[in-house]
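> I'll drop the sequence and a predicted model, then ask my questions.
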Amino acid sequence: MERDIVERAQHGDREAFQALAEELINRLYNLAQLMLNDRDLAEDAVQETLVETWRDLPGLRDPDRVQAWVHQILVRAVYRLAKRERRQLDPRRFISANGLTSPDPAISVGDADQIDRGFRHLKPEYRAVLVAKHYLGLPDEAAGIMLGIPAGTVKSRLNRATAAMRAELEAGARARDTVARGWTR
């Protein structure tokens, strides 16, 4: 991203801001869609992000870090919308082996249901850290910058999220085994 465009936008140049927004909008939408699993809410999150970016851009201290700063704004917008709408993220979106938005064909329907169930029970903060680490592939420090938290908090949230997901998958496996044993008697 060109520093000149960011600096011009900081000084109120609408054309420069439009160029900045055009450069960011697809990535912002993809991240919001991934975290919210709802096109309309993703569009709302991006719109809120761009409005807040325009409003607060003059206060940005380091124009070279505009992308990380805008990602933080997006994450806050996603949290607000997720809380307001009580929507859930779709974990299969970032569990796929190739990192694309299509689910991994190796995940069975039963496994996908268990993953969905476990993911729905996670706090939005845990879901966001899973997206940052496993879908975006960000290192702890970069994920922390994007989420506005220290790298150590990224690690602890990732650990808690993983433990919660593992517990849900194990509980689901036990339940399936119990049902299967009941059918064989």
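Received the coordinates, thanks. From a predicted model like this one, the values you see are computed outputs, not experimental measurements.
> Any regions of this structure where pLDDT drops low?
Along the chain, segments meeting pLDDT under 70 span 1, 85-113, 120, 180, 183-185.
> That one: helices as residue ranges?
3-10, 14-36, 39-56, 66-85, 92-95, 109-120, 124-130, 140-147, 151-184 (DSSP state H).
> Could you single out the most deeply buried of the ones you listed?
For those, the largest average neighbour count (mean count of other Cβ atoms under 10 Å) is found in helix 124-130, namely a mean of 23. Every C-beta, even on glycine, is put in place using the N, C-alpha and C of the backbone.
> can you give me how far it is from the chain middle?
Its chain's average C-alpha position is 7 Å from that of helix 124-130, according to Cα atoms, centre = their mean, to the nearest Å.
> Kindly report the same for stretch 140-149.
Counting by Cα atoms, centre = their mean, stretch 140-149 comes out at 12 Å from the chain centroid.
> contacting residues around it?
By Cβ atoms under 8 Å, 6 or more residues apart in numbering, the residues outside stretch 140-149 that reach it are 68, 71-72, 75-76, 125, 128-129, 132-133, 136, 138, 150-151, 153-155, 157.
> If anything else comes up later, I'll come back, but that's it for now.
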